[in-house]
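Undergrad: Structure for the following, please:
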Amino acid sequence: MHPIIYDVAVSADGYICGPDADVSAFPHSGPIVDDYMARLQNYAVALMGRATYEFGLAHGLPPGANPYPHMRSIVVSSKLELPETSEIELWRDLSALNTLRQQAEGPIYLCGGGVLAQALAQACHLSELRLKRAPCILGSGIPLFAPGTPSFTLSLLEQRDYGNGLLYQAFRIP
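TA: Numbering: from 1, shown residues only. Sure thing, here's the model as predicted:
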């Protein structure tokens, strides 16, 4: 069964974006981003929630386009509507998740957001958490995990200091 890996940028106070989906406080270039882009090549499937996909639409992604063309992409949403010619799959719920984990050609990249991460954690489907920690306080926005996420203890797998307060951490989720 392939792992689901939550690989995401996060502020020091635990937000993956600020108010109005603002991600300007996170680095958009440099070694930490280069390493993230290299990790993306190892994922077989991108799994995201509606708000994450709509973030791409707000930044010029055409409706139905795949934001990760080198991998299969799935949006989980009960409300999103996409064109018939969509390059991505639309799931209304997570009922096919076990089948996906068994049949995917490699690791599954959870690229957001907090609500979907909470649902996957609740169902014990998250295998690893990879954080690109930024030295900023956003104060509000979308949290790393939505309220209601069960508590769990993480095991540190890797840590890399990029200087200037930027830190990469990878954790195994039991």
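Undergrad: For R72, which residues are in contact?
TA: Contact analysis of R72 by C-beta atoms under 8 Å, 6 or more residues apart in numbering lists 44-46, 89, 104. C-betas here are computed from N, CA, C, even on glycine.
Undergrad: How about A96?
TA: Counted by C-beta under 8 Å, 6+ apart, A96 has zero contacts.
Undergrad: switch to 10 Å and redo it
TA: By C-beta atoms under 10 Å, 6 or more residues apart in numbering, the contact list for A96 reads 74, 76, 89, 103.
Undergrad: among the residues you listed, which two are most distant?
TA: Set against one another by C-beta to C-beta, the contacts of A96 have their most distant pair in V76 and Q103, with a gap of 17.0 Å.
Undergrad: out of the two, which sits in the busier spot?
TA: More neighbours surround V76 than the other of V76 and Q103, with 23 against 12 (other C-beta atoms under 10 Å).
Undergrad: From G30, how far out is that one?
TA: With distances taken as C-beta to C-beta, to the nearest Å, V76 is found 31 Å from G30.
Undergrad: swap in G60?
TA: Computed as C-beta to C-beta, the G60 to G30 distance reads 23 Å.
Undergrad: So for the two, which sits in the more crowded spot?
TA: Neighbours of G60 and G30, each counted by other C-beta under 10 Å, are more numerous for G30; the result is 12 against 7.
Undergrad: Leaving out chain neighbours, which residue sits closest to that one?
TA: Y162 (7.4 Å; C-beta to C-beta, 6 or more residues apart in numbering).
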